[in-house]
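J.: below is the structure, and that's it, no one-letter string:
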């Protein structure tokens, strides 16, 4: 699944529009319902692969790369 396909599937599955009261008490006209994508194994696997790739990318830069602490 491409990144674009993953994004489309996430929006189709979990993006909601309406009037939502957030835990902070603020209101929002949209909401990303994590429970809706947690129950979709294909979507969850795709998100896991994307996140793992981002972690690898950022972790390799932290090992003596630019911005690494001495």
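T.: In hand now; what should we look at? All values reported here derive from a predicted model rather than from experimental measurement.
J.: from here on, contacts and neighbour counts on C-alpha atoms
T.: Will do.
J.: three-state assignment of residue 18?
T.: The three-state label given to residue 18 by DSSP: H, G, I helix; E, B strand; the rest coil is strand.
J.: what residues are up against the closest residue to it other than its chain neighbours?
T.: Sequence neighbours aside, residue 29 is the residue nearest to residue 18 in space, at 5.0 Å (criterion: CA to CA, 6 or more residues apart in numbering). Counting by CA atoms under 8 Å, 6 or more residues apart in numbering, residue 29 touches 17-20.
J.: ok, residue 33 next?
T.: Residue 33 neighbours (CA under 8 Å, 6+ apart): 14-16.
J.: redo that, cut-off 6 Å
T.: residue 14 (CA atoms under 6 Å, 6 or more residues apart in numbering).
J.: same question for residue 20.
T.: 27-28.
J.: bridge partners for it, pull those for me.
T.: Beta-bridge partners recorded for residue 20 (DSSP bridges): residue 28.
J.: any idea how far residue 7 lies from residue 43?
T.: Distance of residue 7 to residue 43, given as CA to CA, to the nearest Å: 9 Å.
J.: ok, now residue 34?
T.: Taking CA to CA, one finds residue 34 at 11 Å from residue 43.
J.: okay, these two: which has more neighbours?
T.: For residue 34 versus residue 43, the count of surrounding residues by other CA atoms under 10 Å is larger for residue 43: 20 against 12.
J.: please, which helix or strand holds the more buried one?
T.: Assigned by DSSP states H and E, residue 43 belongs to helix 41-62.
J.: average pLDDT across that helix?
T.: Helix 41-62 carries an average pLDDT of 90.
J.: ok, and for that helix, which residues are buried?
T.: 43, 46-47 (16 or more other CA atoms under 10 Å).
J.: check stretch 22-41 too.
T.: Buried, per 16+ other CA under 10 Å, within stretch 22-41: residue 37.
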